[in-house]
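Trainee: structure for the following, please:
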Amino acid sequence: MKKESLEKRSKDIERELEALKGFRLTPQLRKFQRTLIGEQSFVKGEIARLKSTGGQKEQRHADRIKLANKNRSEKMKRTWRYLRAIRDNYPVDIPLRQLRTALRKHRQGLETDIPDVAWRNPSP
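Mentor: Next comes the predicted model:
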């Protein structure tokens, strides 16, 4: 849709909502108002999307990628700290890579060589 038609639709919805204020509140009226407010929110979002420039879209995309990488990094660090604590505090004679595979199997509910007590509390 064009930006002008969306702005016109937004104004029409606003007028309809103002006109509905003169009526007695009933459950049907509230439901209709919620529907109009939802539609108005959608129209405003579409207007904002049409107004945004290519640079803004690229910036939002870059920010989203950066946040995803940060979250992934934090999760990997947390997992490796957990595995290192298990390796250091329990008599597990396997490399960290195999311990990571064992953790995946444990999370899937499969049997592993590491005792359950190590998975529950890796601290000494």
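Trainee: where does this structure dip in pLDDT?
Mentor: With pLDDT under 70 as the threshold, the chain has low-confidence stretches at 1, 124.
Trainee: the longest helix in it is where?
Mentor: helix 54-89 (DSSP state H).
Trainee: quickly note the distance from Arg84 to His106.
Mentor: 16 Å (C-beta to C-beta, to the nearest Å). Bear in mind the C-beta positions are built from the backbone N, C-alpha and C, glycine included.
Trainee: what is the burial count for Trp80?
Mentor: Neighbours of Trp80 under the rule other C-beta atoms under 10 Å: 13.
Trainee: and it, how far from Ile86?
Mentor: According to C-beta to C-beta, Trp80 and Ile86 sit 11 Å apart.
Trainee: does anything pack onto the longest helix of the chain? Which helices or strands?
Mentor: With contacts taken as 3 or more C-beta pairs under 8 Å, 6 or more residues apart in numbering; DSSP states H and E, helix 54-89 sits against helix 96-107, helix 116-120.
Trainee: now that helix: buried residues?
Mentor: By 16 or more other C-beta atoms under 10 Å, the buried positions in helix 54-89 come out as 83, 86-87.
Trainee: repeat that for stretch 102-109.
Mentor: 102-103.
Trainee: export only the CA atoms of that stretch, formatted as CSV.
Mentor: Extracted in CSV, the C-alpha atoms of stretch 102-109 (Å, rounded to 0.1, in the frame of the first residue of the first chain):
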residue,chain,number,x,y,z
ALA,A,102,28.8,-36.2,26.6
LEU,A,103,27.0,-33.0,27.7
ARG,A,104,24.9,-33.0,24.5
LYS,A,105,24.0,-36.6,25.1
HIS,A,106,23.1,-35.9,28.7
ARG,A,107,20.8,-33.0,27.7
GLN,A,108,19.1,-35.4,25.3
GLY,A,109,18.5,-37.8,28.1
